[in-house]
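Colleague: how would this look folded up:
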Amino acid sequence: MNVAADPRLHAIAKAHPRPLLFATISGAHLYGFPSPDSDFDLRGVHVLPLREVIGLRRGPETLERMADEQGLDLDLVTHDVGKFVRLMAKPNGYVLEQLLSPLVVVTTPFHTELCELGRRCVTRQHVRHYLGFAVSQWQLFAGEDPPRVKPLLYVYRVLLTGLHLLRTGELIADLTVLDAAARQPHVAELIARKRQGAEQGTLDAAELPFHRQQFERLLAELKAAPATSPLPVSLPNDVAEALHDFLVRVRLSADR
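Modeller: Numbering: from 1, shown residues only. Take a look at the predicted model:
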C-alpha cells in the first residue's frame with residue numbers, strides 16, 4: 001500500500017485544529033530509505049482566518065506535534081500559508097520538497113495551484129540551500145562515533161537532489177530515483193542497509209575514507225553547477241507577483 005494512503009494518517013490530518021491546504025509525507029519515506037522503525041514526518045500548510053492575520057491577536061504561524069498516535073511515531077509540522085509562501089520566495093529547497101512530495105495525504109485545488117507556482121520558484125540560488133545542508137549533514141555524520149548510515153544517506157540525498165535540480169530544474173527527493181540515474185553502487189548498498197536494518201544502524205570506521213572522497217567530489221560538482229544551470233539567476237518578478245496574488249486569494253477564500 002502507498003504509505004500516504006494509510007487511513008491513520010488521514011484521520012490525524014482530519015483532526016488538525018486548522019484547515020489544511022495540503023499535507024504530505026517528508027523524511028525517510030519521501031527520500032526512499034525508511035527503515036522498519038522510521039517515524040512519519042507529516043508536513044503541510046494550514047490557513048489562518050483574516051481576523052487572526054490582520055488583528056492584534058495573531059494565530060499560530062507554525063503548529064508542531066510529536067507523538068505516538070494511532071500506532072504511528074509521528075512528527076507533524078504545518079505552517080500558515082503566509083509563512084510558507086514567504087519561504088517559497090526564498091531559495092528554500094526544503095519547503096519545495098514538502099510541497100512537491102508525491103506522498104500526498106491531503107490536497108486541495110489551492111495545493112495544485114501552489115505546486116505549479118513552486119516549480120516556477122526554482123532558481124540557481126537554491127544551490128546555497130543544498131550546499132549548506134550537505135555540509136551540515138556531513139559534519140553531523142563525521143562527528144558521530146560510531147558513524148551511522150542514516151546521516152550519510154542524508155548527505156548523498158541532499159547532494160544528488162541539489163545536483164539534479166541545478167542541472168534539470170526538476171526537484172526529486174527520492175534517493176532511489178536519483179541513484180538510478182547516478183548509478184553509484186555504494187549508495188544503493190547503503191539504502192539496502194537502512195531499509196533492512198534499524199534506524200540507528202552504523203558503519204565501520206574503515207568505510208569513512210571512501211565516503212569522504214565521494215562527499216568532496218559531489219560537493220565540488222554542486223558548487224560548480226550554477227555556472228551551467230539552465231535555471232534563472234533569481235526569482236522572476238512575475239513569479240513573485242503570482243505568489244502575492246495567490247496568497248491574497250487564499251486569505252479571502254478562508255473567510256467566505
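
Colleague: ok, now which ones touch the residue nearest the centre of the chain?
Modeller: Centroid-nearest residue in the chain: Glu97, 3.5 Å away (criterion: C-alpha atoms, centre = their mean). By C-beta atoms under 8 Å, 6 or more residues apart in numbering, the contact set of Glu97 is Ser26, Leu30, Thr161, Leu171, Ala173. Heads up, the C-betas are built off the backbone N, CA and C, glycines and all.

Colleague: Need phi/psi at it.
Modeller: The phi/psi pair for Glu97 (degrees, to the nearest 10) reads phi -60, psi -40.

Colleague: do you know how far it is from Ala67?
Modeller: 23 Å (C-beta to C-beta, to the nearest Å).

Colleague: same deal with Asp245?
Modeller: As judged by C-beta to C-beta, Asp245 and Ala67 stand 37 Å apart.

Colleague: can you check Ala254 too?
Modeller: Here the criterion is C-beta to C-beta. By it, Ala254 lies 27 Å from Ala67.

Colleague: And Phe215, by the same measure?
Modeller: 35 Å.

Colleague: Can you pick out the residue with more neighbours from the two?
Modeller: Between Phe215 and Ala67, Phe215 has the larger neighbour count (other C-beta atoms under 10 Å), namely 20 against 11.

Colleague: The more buried one looks like it's in a helix, true?
Modeller: Yes - checked against DSSP: H, G, I helix; E, B strand; the rest coil, Phe215 lies within a helix.

Colleague: can you give me the strands in the protein?
Modeller: Counting by DSSP state E, the chain has strands at residues 20-26, 40-46, 62-69, 72-80, 104-106.

Colleague: In TSV, list those along with mean pLDDT and distance to Ala192.
Modeller: Formatted as TSV, those follow (pLDDT from 0 to 100; distance: least, C-beta to C-beta, whole Å):
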stretch	mean pLDDT	distance to Ala192
strand 20-26	97	21
strand 40-46	96	21
strand 62-69	88	28
strand 72-80	92	22
strand 104-106	97	27
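
Colleague: Next, count neighbours for the residue lying closest to Asp41 once chain neighbours are set aside.
Modeller: Spatial nearest neighbour of Asp41, chain neighbours left out: Gly27 (3.2 Å); criterion: C-beta to C-beta, 6 or more residues apart in numbering. Gly27: 20 surrounding residues under other C-beta under 10 Å.

Colleague: so who does the residue located most distally from the centre of the chain touch?
Modeller: Each residue of the chain has a distance to the centre, and by C-alpha atoms, centre = their mean the biggest one is for Leu56: 32.3 Å. Neighbouring residues of Leu56 by C-beta under 8 Å, 6+ apart: there are none.

Colleague: for it, phi and psi?
Modeller: Dihedral pair for Leu56: phi -70, psi -30, per degrees, to the nearest 10.

Colleague: measure it to Val248 for me?
Modeller: Here Leu56 is placed at a distance of 21 Å from Val248 (C-beta to C-beta).

Colleague: For the stretch 1-150 of the chain, just list every one of the helices.
Modeller: For the stretch 1-150 of the chain, helices defined by DSSP state H, counting those that start in this stretch occupy the ranges 7-14, 27-31, 81-88, 93-99, 109-120, 126-142, 149-168.

Colleague: Could you dump these into TSV and include distance to Asp37 and mean pLDDT?
Modeller: Output for those, formatted as TSV (distance: least, C-beta to C-beta, whole Å; pLDDT from 0 to 100):
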stretch	distance to Asp37	mean pLDDT
helix 7-14	16	91
helix 27-31	10	94
helix 81-88	30	97
helix 93-99	23	97
helix 109-120	30	98
helix 126-142	20	96
helix 149-168	11	96
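
Colleague: Tell me, how many residues neighbour Ser101?
Modeller: 25.
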